[in-house]
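[1] no sequence for this one, just the structure:
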């Protein structure tokens, strides 16, 4: 994935939060509804209702898979590392999402 596209995804996420008004996130880690709200920005690159790839892989049935696309075992820890650090063209979000938001996104991903 080209560097410009990664930067665009990050800027689109930041812009959506800024333009969309204040989005409040409860301190309740793992809140699926809030995770779905946060994940709306990720839909620019990831599908959730079809197996079709967008910019990044579909995340439909993510936690039901044996492995991630990078070949690592499907574990919450490995998904968290991918969200935090990025990889394979995906930027890291450790500086973009709070720890609570990352917990919420993972809770939402587990429902797909």
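    Now that the structure is in, tell me what you want to look at. No experiment lies behind these values; they were computed from the predicted model shown. Numbering: from 1, shown residues only.

[2] only C-alpha atoms for contact and neighbour calcs from this point on.
    Will do.

[3] can you tell me the closest non-neighbouring residue to residue 72?
    Nearest residue to residue 72 in three dimensions, chain neighbours excluded: residue 78, at 7.2 Å (CA to CA, 6 or more residues apart in numbering).

[4] element containing that neighbour?
    helix 76-85 (DSSP states H and E).

[5] okay, buried residues for the next helix or strand after that helix please.
    As assigned by DSSP H and E, the chain's next helix or strand after helix 76-85 is helix 99-109. Within helix 99-109, the residues that count as buried by 16 or more other CA atoms under 10 Å are 100-109.

[6] and what of stretch 61-74?
    Those buried within stretch 61-74 under the rule 16+ other CA under 10 Å are 62-63, 68, 74.

[7] for the residues you listed, which one is nearest residue 37?
    residue 62 (17.8 Å; CA to CA).

[8] turn the buried residues of helix 99-109 into CSV, columns for distance to residue 52 and pLDDT.
    Below are the buried residues of helix 99-109 laid out as CSV (distance: CA to CA, whole Å; pLDDT from 0 to 100):
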residue, distance to residue 52, pLDDT
100, 29, 93
101, 25, 95
102, 24, 95
103, 25, 94
104, 24, 94
105, 20, 96
106, 20, 95
107, 22, 95
108, 19, 95
109, 16, 96
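
[9] among those, which two are most distant?
    100 and 109, at 14.2 Å, using CA to CA across those.

[10] buried residues, stretch 89-99. List them.
    90-94.

[11] oh, I was asking about stretch 38-51
    By 16+ other CA under 10 Å, the buried positions in stretch 38-51 come out as 38-39, 41-43, 45-48.
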